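> Predicted coordinates and the sequence they were generated for:
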Amino acid sequence: SSQTKVEEIVQEVFDAYKTNHHASQFVLQREKHFHYLKRGLRQLTEAYECLDASRPWLCYWILHSLELLEEPVPESVASDVCQFLSRCQSPQGGFGGGPGQHPHLAPTYAAVNALCIIGTEEAFGRWVTGRQMRFEGGFQGRCNKLVDGCYSFWQAGLLPLLHRALHTRGDAALSMTHWMFDQAALQEYILLCCQCPAGGLLDKPGKSRDFYHTCYCLSGLAIAQHFGSGELHHELLLGVPENRLQATHPVYNMAPEKVLRAAMHFVQQPLP
């Protein structure tokens, strides 16, 4: 079956790691991922031609991945992104998948998040547990589907929201130090099975890297590393200290301080 084949591929990765690494040090290839993402902001390969209607998403995936890696975006690049996204904005409101395209909710979400991540005045001014796989450690999208690195965020990101809801209801059995999934197992799957040696992250071993999976694998890794905030903040870090990522908001999937900054900006604006 497809599930058996995936488990066999993942087992090969685990076995190879145990054979070649006597010390349990998982390493996030930061430098390679950074260069992969940096190149993508300026030039995409022909393989991305099919995503000509998803260009705001490409901006968001790359910018948020850089944010999680705590890599600053040069002002000139940030300005170019803002100018490009302004060309995707419709006079009737919302953003299209590219310049001149009809506006749609999905690219609007991506464009707004990308601008919030940039967080400059120019950016703001542009728009006046059941699915965690027991064997692999990663998440599947739904029952009877295979593990996929991108669900590291889509599924794991739901659990902090559920945690907060249960905490509000006074659930006494709720942990105050970790989420309701195996955070270490998810980190192990991402670090061992989802990193491309040349930079970028992927669905599962044998698949190709892309900016979508790079963004959401890193987002899921950040969720798995950070629990809570403020006095209740706890970290569970697998591997070397350099693996630590910037925390991400489980709803908006950007740095919590960027969410606060955007909210404060719009609270101060007059109602249309």
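Nice, I can see it.

> In the longest helix anywhere in the chain, which of the residues would be classed as buried?
Looking only at the chain and at elements set by DSSP state H, the helix with the highest residue count is helix 2-20. When burial is assessed from 16 or more other CB atoms under 10 Å, helix 2-20 yields the following buried residues: V6, E7, I9, V10, V13, F14. Any C-beta I mention is one placed from the backbone N, CA and C, and that applies to glycine too.

> What separation is there between the second one and M264?
Okay, so that is E7. In this structure, E7 lies at 47 Å from M264, with CB to CB, to the nearest Å as the measure.

> Tell me who's in contact with the nearest residue to F153 once chain neighbours are set aside.
Spatial nearest neighbour of F153, excluding adjacent residues (CB to CB, 6 or more residues apart in numbering): S219 at 3.7 Å. For S219, the set of contacting residues under the criterion of CB atoms under 8 Å, 6 or more residues apart in numbering consists of H64, L68, S152, F153, G157, T248, N253.

> could you redo the last one with a cut-off of 7 Å?
Taking CB atoms under 7 Å, 6 or more residues apart in numbering as the contact definition, S219 lies against H64, L68, S152, F153, T248, N253.

> same check, this time on N243
With contacts taken as CB under 7 Å, 6+ apart, N243 has the following neighbours: F26, V27, L28, L237.

> Just the endpoints, please. Distance across stretch 92-99?
End-to-end distance of stretch 92-99 (CA to CA, to the nearest Å): 14 Å.

> Stretch 13-31 too?
For stretch 13-31, the first and last residues are 22 Å from each other (CA to CA).

> Compute the mean per-residue pLDDT across it, please.
Computed over stretch 13-31, the mean pLDDT rounds to 84.

> which other residues reach it?
Against stretch 13-31 from outside (CB under 7 Å, 6+ apart): 69, 188, 191-193, 195, 199, 205, 238-240, 242-243.

> Ramachandran angles for the closest residue to S2 other than its chain neighbours?
Spatial nearest neighbour of S2, excluding adjacent residues (CB to CB, 6+ apart): L146 at 5.9 Å. Backbone torsions for L146, taken as degrees, to the nearest 10, come to phi -80, psi 160.

> With V112 instead?
The main-chain torsion angles of V112 are listed as degrees, to the nearest 10 and equal phi -60, psi -40.

> From F227, how far off is it?
If you measure V112 against F227 using CB to CB, the figure is 27 Å.

> hang on, the earlier thing: point out the ones among the contacts of N243 that are inside strands.
The subset of these located in strands under the criterion DSSP state E is empty.

> where exactly do the helices run in this protein?
Using DSSP H, the helices of the chain run over residues 2-20, 30-42, 55-68, 75-88, 105-118, 121-125, 151-154, 158-168, 183-193, 211-225, 256-267.

> Redo those as TSV? Include distance to F95.
Conversion of those to TSV gives the following (distance: least, CB to CB, whole Å):
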stretch	distance to F95
helix 2-20	36
helix 30-42	18
helix 55-68	6
helix 75-88	5
helix 105-118	4
helix 121-125	13
helix 151-154	22
helix 158-168	25
helix 183-193	30
helix 211-225	18
helix 256-267	16
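
> Can you tell me which of those has the worst average pLDDT?
helix 121-125 (a mean of 62).

> that older thread, kindly indicate which of the contacts of S219 lies nearest F84.
Distances from these to F84 were compared by CB to CB; the smallest belongs to H64, at 16.3 Å.
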